[in-house]
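**Student:** sharing a model prediction with you, sequence too.
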Amino acid sequence: MPDKTTHFGFREVPVAEKADRVRNVFDSVADNYDLMNDVMSFGIHRLWKRFAISMSGVRPGQQVLDLAGGTGDIARLLAPRIGKDGHVVLTDINGAMLANGRRSLLDHGISGNVSYAQVNAEQLPFPDNSFDLVTIAIGLRNVTDKQGALDSIKRVLRPGGRLLVLEFSKPAAAIKPVYDFYSMNILPRLGKLIAKDADSYRYLAESIRMHPDQKTLRSMMEDAGFERCDYHHLTGGIVAIHRGYRV
């Protein structure tokens, strides 16, 4: 039997190889990740993330798992909201990204209610019913088995807990031509200029096209057992916030 394959951008690769390929991409871009996000989105990604957390319903004292937390933007927004009696576990599959996230949070004076773990979202090493909220921002599209990750997330959420997904999605038809040109042509050039890596940013642009659209992702969340699932467009659907609840 031939090996099963999955997409890595527009290419098909063996399933067993994708996680390592994604890890190599983020090893390459980790040190310039925040700068590139600011340049690529004209700083708008910070507004997307603030708005997403405002929709999370997180409260003081809660336990939060931040998956694919990268350089700590989401954890930095969460830590003050949960206070000293709450806790955020900042995770990423990539050690270089996680190390940068830890440095960033410490530079912002955030410690005591945040811990760090290098984990794969498909196989979460946490007990059942551990968290009140799980977040994954601009990361789900890089996961090999997205349905498996959603199943794993549901397992670690407590009854009444919430999943919040912020991810690039399918933009409105009116802006799609301009968006496609920018992301497929300009972004790799910016990656080459700033991060010295056009190929990684070409993959990241391609991975957006391969990610499920808004309705499909909502259906996947429902298939995992989440209820009251909804989604909200930001910036004309360039990104979307999905929410679902464990009951």
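**Tutor:** It's in. Numbers count the residues shown, from 1 in each chain.
**Student:** pLDDT of the longest helix anywhere in the chain, averaged?
**Tutor:** Longest helix in the chain, counting residues (DSSP state H): helix 15-29. Throughout helix 15-29, pLDDT has a mean value of 91.
**Student:** just checking, what packs against it?
**Tutor:** Applying 3 or more C-beta pairs under 8 Å, 6 or more residues apart in numbering; DSSP states H and E, one finds that helix 15-29 contacts strand 5-8, helix 95-107, helix 198-210. C-betas here are computed from N, CA, C, even on glycine.
**Student:** go through the ones you listed and name the closest to Gly86.
**Tutor:** Smallest distance to Gly86 across those (C-beta to C-beta): 14.6 Å, for helix 95-107.
**Student:** secondary structure class for Ile186?
**Tutor:** The local conformation at Ile186, judged by DSSP: H, G, I helix; E, B strand; the rest coil, is helix.
**Student:** who touches the longest helix of the chain?
**Tutor:** Helix 15-29 has contacts (C-beta atoms under 8 Å, 6 or more residues apart in numbering) with 3-6, 8, 13, 33, 36, 70, 92-94, 96-97, 120, 142, 144, 191, 195, 197, 200-201, 203-204.
**Student:** can I get the helices and strands packed on helix 15-29 in a markdown table including mean neighbour count, mean pLDDT and distance to Tyr116?
**Tutor:** Formatted as a markdown table, the helices and strands packed on helix 15-29 follow (neighbours: other C-beta atoms under 10 Å; pLDDT from 0 to 100; distance: least, C-beta to C-beta, whole Å):
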| stretch | mean neighbour count | mean pLDDT | distance to Tyr116 |
| --- | --- | --- | --- |
| strand 5-8 | 16 | 93 | 27 |
| helix 95-107 | 18 | 95 | 5 |
| helix 198-210 | 19 | 95 | 23 |
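**Student:** so for the longest helix of the chain, what gets flagged as buried?
**Tutor:** The neighbour-count check on helix 15-29 (16 or more other C-beta atoms under 10 Å) flags Lys18, Ala19, Arg21, Val22, Arg23, Val25, Phe26, Ser28, Val29 as buried.
**Student:** quick one, it and helix 95-107 angle?
**Tutor:** Between helix 15-29 and helix 95-107, the angle comes out at 40 degrees (axes from the mean of the first three to the mean of the last three C-alpha atoms, to 10 degrees).
**Student:** centre of the chain versus helix 15-29, how much separation?
**Tutor:** When distances are taken as C-alpha atoms, centre = their mean, to the nearest Å, helix 15-29 is centred 15 Å away from the chain's centroid.
**Student:** equivalent analysis for stretch 144-163, please.
**Tutor:** Chain-centre distance of stretch 144-163: 14 Å, with C-alpha atoms, centre = their mean.
**Student:** please apply the same query to stretch 160-172.
**Tutor:** For stretch 160-172, the distance from its own C-alpha centre to the chain's C-alpha centre is 9 Å (C-alpha atoms, centre = their mean).
**Student:** any chance you could map the strands in this structure?
**Tutor:** Under the criterion DSSP state E, strands of the chain are mapped to 5-8, 11-14, 63-67, 87-92, 114-118, 131-137, 157-168, 227-234, 239-245.
**Student:** now for the helices and strands packed on helix 15-29, which one comes closest to Ala172?
**Tutor:** helix 198-210 (14.8 Å).
**Student:** can the helices and strands packed on helix 15-29 go into TSV with extra columns for distance to Gly86?
**Tutor:** Converted to TSV, the helices and strands packed on helix 15-29 look like this (distance: least, C-beta to C-beta, whole Å):
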stretch	distance to Gly86
strand 5-8	36
helix 95-107	15
helix 198-210	32
